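*Asks:* have a look; sequence and predicted model below, questions after that.
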Amino acid sequence: MRPHILLVLLVTLTNCSIPPNFKKCFRKDPNFKNCILEAVQSGIPQLTKPFKSLDLPNLEPFEVPLLTVRDKGGAVALNQNFKNCVFYGLTTMKIQDFDLDFEKKTLFVDSVVPKMVFKCHYQLEGKVLVLPIKGDGNSTIKFTNFRLKFRSFYDEIVRNSKTYYTTASTEMQSDVEHSHFQFDNLFNGNKELGDNVNLVLNDNWRQVVDELHPEYNEIVRQILTGMIEKVWTKVSLEEMFD
């Protein structure tokens, strides 16, 4: 659930010649916006290895060691713990809009991941609609047309006569066209109960997604903000865009 680190990473790699086949863009170019959009879109499928110089991992698959979501009440009231998570499909992202505004010091990205798969070991307990649920095992969540709109606001700092961005704030909106859930080993492996709960989850996927969305959205926003900050603090604007 971290697609937009791809975008800022691509801007950085493109303009630092890592790898050399990424397109170079200059901020004084009147066609800069189109250049960056093309560079990001053409470079996304190449992000299949880690970049140690930026302390960034492989993005296909993208690994997340631990995620925790606490019960907030409502129709879907679950304490959820996920570990050893991997995301597949991020490098298939399609960019709808990409705007890096140097005067306003903002970045806006609108993108869609056509198919994204999220696999984890899970532990959860609570209720879904009127059904109690408890389990510990493997899970697979599939998203169709996972859309993210991410906006960052920056301050500038100068180090050694070079200008760097530091993140002032970020905001994010996300939605999905469809979701499918599969939680194995619910109720200590009771197949009948487990199949019934998975059926309810998938028959009511929209309500489940809407109930859990604020917590998941905030987790993703924080992760993205932290990873993008790594990029900005390591590479100056002059190195990227001049």
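*Replies:* Ah, there it is. Numbers count the residues shown, from 1 in each chain.

*Asks:* now the longest helix seen in the chain, how far from the chain's geometric center?
*Replies:* In the chain, taking DSSP state H as the definition, the longest helix is helix 205-234. Distance of helix 205-234 from the chain centroid (Cα atoms, centre = their mean, to the nearest Å) equals 6 Å.

*Asks:* and that helix, what's its mean pLDDT?
*Replies:* For helix 205-234, mean pLDDT rounds to 80.

*Asks:* next secondary structure after that helix?
*Replies:* As assigned by DSSP states H and E, the chain's next helix or strand after helix 205-234 is helix 237-241.

*Asks:* so the residue of the chain positioned farthest from its centre is in which element?
*Replies:* The centre of the chain is farthest from one residue, Glu192, which by Cα atoms, centre = their mean lies 34.1 Å away. Following DSSP H and E, one finds Glu192 within helix 191-203.

*Asks:* dump the C-alpha coordinates for that helix into PDB.
*Replies:* Coordinates of each C-alpha in helix 191-203 appear next as PDB, following Å, rounded to 0.1, in the frame of the first residue of the first chain:
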ATOM      1  CA  LYS A 191     -13.700 -24.600   7.500                       C
ATOM      2  CA  GLU A 192     -17.500 -24.100   7.700                       C
ATOM      3  CA  LEU A 193     -17.200 -21.000   9.900                       C
ATOM      4  CA  GLY A 194     -14.200 -19.700   8.000                       C
ATOM      5  CA  ASP A 195     -15.800 -20.100   4.600                       C
ATOM      6  CA  ASN A 196     -18.900 -18.300   5.900                       C
ATOM      7  CA  VAL A 197     -16.900 -15.300   7.300                       C
ATOM      8  CA  ASN A 198     -14.900 -15.000   4.000                       C
ATOM      9  CA  LEU A 199     -18.200 -15.100   2.100                       C
ATOM     10  CA  VAL A 200     -19.700 -12.300   4.200                       C
ATOM     11  CA  LEU A 201     -16.500 -10.200   3.900                       C
ATOM     12  CA  ASN A 202     -16.600 -10.500   0.100                       C
ATOM     13  CA  ASP A 203     -20.400 -10.000  -0.300                       C
END
